[in-house]
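K.L.:
make a model of this:
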Amino acid sequence: MTAPRLPTVARWLDRAVNAAIALALATVLLFSGYGLWSDWAVAHAPDDASARLAAVKGPAGPSFRELLAVNPDVVGWLEMEGTGIDHPVVQGEDDSEYLSRDVFGDYSMAGSLFLAKGCSPGFDDGYSMVMGHHMAAGEMFGDLDLYRDGSFLEAHHTGTLWLPDRTLDLEVVETAEADAYDRSVFGVPLPDGGADGALASLGEGVLASRGTVGADDDLVLLSTCTGTSANGRTVVVCRVADVRGPGDSG
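P.N.:
Model (predicted):
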């Protein structure tokens, strides 16, 4: 006995539903594939600007006359001991401007290290947040992962932040994992609670630490993606240990 044939309209509806389901699945796969490719490309893209910047920074530090001639958005240059972090820092009109632009303003999947828009460009408001992509092979802020290891943090805990008018000697005091939507940490200018509230929130996710932060210490925080969570961030907390003049090599 043969099964009764569906009416023409019912067959058309059945085919339309199946086609819609197939299209939806294809769309999901397409966007998922693009997302995976995009993440891989950002993680592995080379930092082409590095070679062009090699002549700008000498043993005594970078030439801000040359840097500012290239891009007036440059606010500093950061180097962290024992890592590959040795890059200029910019500040854009918002926190997305330099996610895919290098210091020359050219398209780059590696982006740039950038100071959060809510921070003073002179690093003089006591709490500054520098962000950058988590790149493969330690490029950009990929090497912030090293500070998640307590033994590395103990052995390598100094850095230098050159500014146009002075030089800040940094000391790493702790590394923590935080949520990018935690406004007590990332909501600069900070909400009520200030730096104390930020440190208290970071304290819940501390991975490694050494030393302490004093009540009057100025802080520079370095942040990048964790690679394990969409909103997860590795945050390295540095205190300003000393301030030197631009011509003082220490």
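
K.L.:
the residue nearest the centre of the chain and Arg233: what is the separation?
P.N.:
Closest to where the C-alpha atoms of the chain average out (Cα atoms, centre = their mean) is Gly132, at 2.5 Å. Here Gly132 is placed at a distance of 11 Å from Arg233 (Cβ to Cβ, to the nearest Å). Any C-beta I mention is one placed from the backbone N, CA and C, and that applies to glycine too.

K.L.:
quick one: the helices in the chain?
P.N.:
Using DSSP state H, the helices of the chain run over 8-44, 49-53, 64-70, 150-155, 183-186, 194-203.

K.L.:
low-confidence ranges, the protein, go.
P.N.:
For the chain, applying pLDDT under 70 flags the ranges 1-7, 9-11, 22, 24, 26-50, 247-250.

K.L.:
what is the neighbour count of the residue nearest to Ser112 when sequence neighbours are not counted?
P.N.:
Spatial nearest neighbour of Ser112, chain neighbours left out: Tyr98 (4.2 Å); criterion: Cβ to Cβ, 6 or more residues apart in numbering. Neighbour count for Tyr98, taken as other Cβ atoms under 10 Å: 26.

K.L.:
quick check, Tyr98 in contact with Val90.
P.N.:
Yes - at 5.4 Å, Tyr98 counts as touching Val90 under the criterion of Cβ atoms under 8 Å.

K.L.:
give me the common contacts of those two.
P.N.:
73, 112, 114 (Cβ atoms under 8 Å, 6 or more residues apart in numbering).

K.L.:
among those, who's most crowded?
P.N.:
Ser112 leads the shared contacts of Tyr98 and Val90 on contacts (other Cβ under 10 Å) with 29 neighbours.

K.L.:
residues touching that residue, list them.
P.N.:
Applying Cβ under 8 Å, 6+ apart, the residues near Ser112 are 49, 87-90, 98, 101-103, 132.

K.L.:
residues near Tyr107, how many?
P.N.:
9.

K.L.:
show me the strands in the chain, by range?
P.N.:
For the chain, the strands defined by DSSP state E cover 57-58, 61-62, 74-80, 86-90, 113-115, 127-131, 158-162, 167-179, 206-209, 219-225, 232-244.

K.L.:
turn those into JSON lines, including distance to Asp14.
P.N.:
Shown next, in JSON lines, are those (distance: least, Cβ to Cβ, whole Å):
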{"stretch": "strand 57-58", "distance to Asp14": "67"}
{"stretch": "strand 61-62", "distance to Asp14": "67"}
{"stretch": "strand 74-80", "distance to Asp14": "61"}
{"stretch": "strand 86-90", "distance to Asp14": "57"}
{"stretch": "strand 113-115", "distance to Asp14": "53"}
{"stretch": "strand 127-131", "distance to Asp14": "51"}
{"stretch": "strand 158-162", "distance to Asp14": "65"}
{"stretch": "strand 167-179", "distance to Asp14": "46"}
{"stretch": "strand 206-209", "distance to Asp14": "55"}
{"stretch": "strand 219-225", "distance to Asp14": "45"}
{"stretch": "strand 232-244", "distance to Asp14": "44"}
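
K.L.:
can you tell which of these is closest to Phe152?
P.N.:
Nearest of those to Phe152, taken as Cβ to Cβ: strand 206-209 at 8.0 Å.

K.L.:
packing partners of that closest one?
P.N.:
When contacts are defined as 3 or more Cβ pairs under 8 Å, 6 or more residues apart in numbering; DSSP states H and E, strand 206-209 sits against helix 150-155, strand 167-179.

K.L.:
can you tell me how far the residue nearest to the centre of the chain sits from Ala110?
P.N.:
Applying Cβ to Cβ to Gly132 and Ala110 gives a distance of 9 Å.
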